[in-house]
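# generate coordinates for the sequence data below:
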Amino acid sequence: MPVEIGFWRVDDKPQRITPQTMPLEAKLEQLILDDPEILESKLLFLGSQVLTKYGKYIDVLGIDSEGILHILELKRDRTPRDVVAQTMDYASWVQELGNDDVRSIFDAHHPGENFDEAFAKRFDGAPVLDELNSGHVMTIVASNLDPSTERIVAYLNQTHGVPINVMIFRYFTDNGHEYLARTWLIDGAAPATAPGTAQGKSTKASWNGNDWYVSFGVEGDSRTWDDARKYGFVSAGGGDWYSRTLRGLPEGGRVFVHVPQRGYVGVGIVQGRVQSADEAVLNVEGTDQAFRSLELQGTYRHPSGGEGIDSAEYVVPVMWIGTVALEQAHWQVGLFANQNSACKLRNQFTIDQLSKVFKLTD
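Residues are numbered from 1 along each chain as shown. Alright, predicted model coming up:
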């Protein structure tokens, strides 16, 4: 059962304000579009009246910071059977949307805007996830709720775990002012449903097979960007979690190097396999030199993590295509960033923007 909302004016003595029928549910849709905070979930709207391949229109389609799609459907004056069936029919289409489809929907409804930038602005600077449509949820938006709709939705949600719920808005007027209050039919709704892949569409952004992201931490005195820039390498260490992903960098791969809290500082080509700092050899001005023999500002050492813990620093040789000093590190809203020391760079917006910054030709 939904929580019933009571609303009183208490200027002098309590006077209950009686909820009224909203003049037009289309007005409710516009209010949601104008101010997404009306909804409990923080969403970036991909579009309103989104056309499906079945020729029907989803009232509002949004995405949250976890890449989950949200189908919002206004009940209007439809029967319970119609509104629930229609919402689930939309979900059958949404579950097949791939990463490119999600972006295309946004582009179609937001001409002149960039999805990556809009996502970052909406979610406090967070970059777009590699996986979009990691799941979906359905929300029926209603200004009133009949017992039949309540029973059907509760049965699907609580008995079968279908991620469907109803957000109920109550509309009040008082002395010329209009008010909205909201509540959910079901608290703690079912988790999002994972997407289907019946049409072979990937919910992950495609990868070009060559570009990699590298996080180069410079906190403390363990490593410095000046060293890496001068001698041609990237490194990570202090524990297996930090060095493990670095081992996946292939020779010939292109790396985009990011310094946390600063920005991107370089692009280069991997020249060899990963080695521990104690064993690594770098080619410096045509001569092979042991890493430890170089005049380094950083220590590239870490206190032992204990028995069985590999806390060594690991080094990967890189031929730089372009670099900037740490003070000129490049950052802008929407660029990709990740805590992993290395991972595949799928974010095309990041590649495109950094290609301009570092004047890459391919």
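# need the longest helix for this structure.
Among the segments of the chain that qualify as a helix by DSSP state H, the longest is helix 80-94.
# run the chain-centre distance for it.
In this view, helix 80-94 has its centroid 26 Å away from the chain centroid, taken as C-alpha atoms, centre = their mean, to the nearest Å.
# for the helix or strand bottoming out on mean pLDDT in the chain, give me every contacting residue.
Counting by mean pLDDT, DSSP states H and E, the weakest-scoring helix or strand in the chain turns out to be helix 25-34, with a mean of 78. Contact with helix 25-34 is made by 22, 38-39, 45, 48, 59-60, 72, 74-76, 141, 143, 169, 180, as judged by C-beta atoms under 8 Å, 6 or more residues apart in numbering. Where C-beta positions appear, they are placed from N, C-alpha and C, glycine not excepted.
# start and end of stretch 9-28, how far apart?
Across its full length, stretch 9-28 reaches 23 Å end to end, with C-alpha to C-alpha, to the nearest Å as the criterion.
# now stretch 123-135
In terms of C-alpha to C-alpha, the two terminal residues of stretch 123-135 are separated by 18 Å.
# ok, and what's touching that stretch?
Identification of contacts with stretch 123-135 by C-beta under 8 Å, 6+ apart yields 42, 44, 63, 65-69, 94-95, 97-99, 101-103, 115-116, 119-120, 163, 191-195, 203-205, 333-337, 344, 346-347, 349-350.
# filter those to the buried ones?
The neighbour-count criterion (16 or more other C-beta atoms under 10 Å) marks 44, 63, 65, 67-69, 94-95, 97-99, 101-103, 115-116, 119-120, 163, 192-193, 195, 203-205, 334-337, 344, 346-347, 349-350 among the contacts of stretch 123-135 as buried.
# looking at those residues, which are in strands?
Cross-referencing the buried ones among the contacts of stretch 123-135 against strands under DSSP state E gives Leu44, Ile63, Ile68, Leu69, Lys344.
# which of the residues in the longest helix of the chain are buried?
Residues Pro80, Val83, Val84, Gln86, Thr87, Tyr90, Ala91, Val94 are the ones in helix 80-94 that count as buried (16+ other C-beta under 10 Å).
# in space, what's closest to the last one - neighbours in sequence excluded?
Nearest residue to Val94 in three dimensions, chain neighbours excluded: His136, at 5.0 Å (C-beta to C-beta, 6 or more residues apart in numbering).
# that neighbour is in what secondary structure piece?
In this structure, His136 is located in strand 135-142 according to DSSP states H and E.
# next, the angle from the helix or strand just after that strand to helix 80-94.
Going down the chain from strand 135-142, the next helix or strand is helix 147-154, by DSSP H and E. Calculated by axes from the mean of the first three to the mean of the last three C-alpha atoms, to 10 degrees, helix 147-154 forms an angle of 30 degrees with helix 80-94.
# can you give me the helices for this protein?
In the chain, the helices defined using DSSP H lie at 25-34, 80-94, 99-109, 115-122, 147-154, 160, 225-231, 240-244, 348-357.
# okay, now the unreliable bits of the chain?
Confidence mapping of the chain against pLDDT under 70 gives the ranges 1-4, 22-26, 40, 76-80, 188-201, 304-309.
# any idea how it splits into domains?
Each structural domain of the chain that the record assigns through automatic domain parsing is listed here as a residue range: 8-184, 211-357.
# mind listing what the closest residue to Gln15 other than its chain neighbours touches?
In this structure, Gln15 finds its nearest non-sequential neighbour in Arg9, 4.8 Å apart by C-beta to C-beta, 6+ apart. With contacts taken as C-beta under 8 Å, 6+ apart, Arg9 has the following neighbours: Gln15, Ile17, Asp174.
# neighbour-wise, which of those residues leads?
Greatest neighbour count in the contacts of Arg9, by other C-beta atoms under 10 Å, goes to Ile17: 15 neighbours.
# so who does that residue touch?
With contacts defined as C-beta under 8 Å, 6+ apart, Ile17 is in contact with Phe7, Trp8, Arg9, Phe172, Thr173, Asp174, Tyr179.
# might one say that Pro14 is in contact with Trp8?
Yes. Taking C-beta atoms under 8 Å as the contact criterion, Pro14 and Trp8 are neighbours in contact, 4.9 Å apart.
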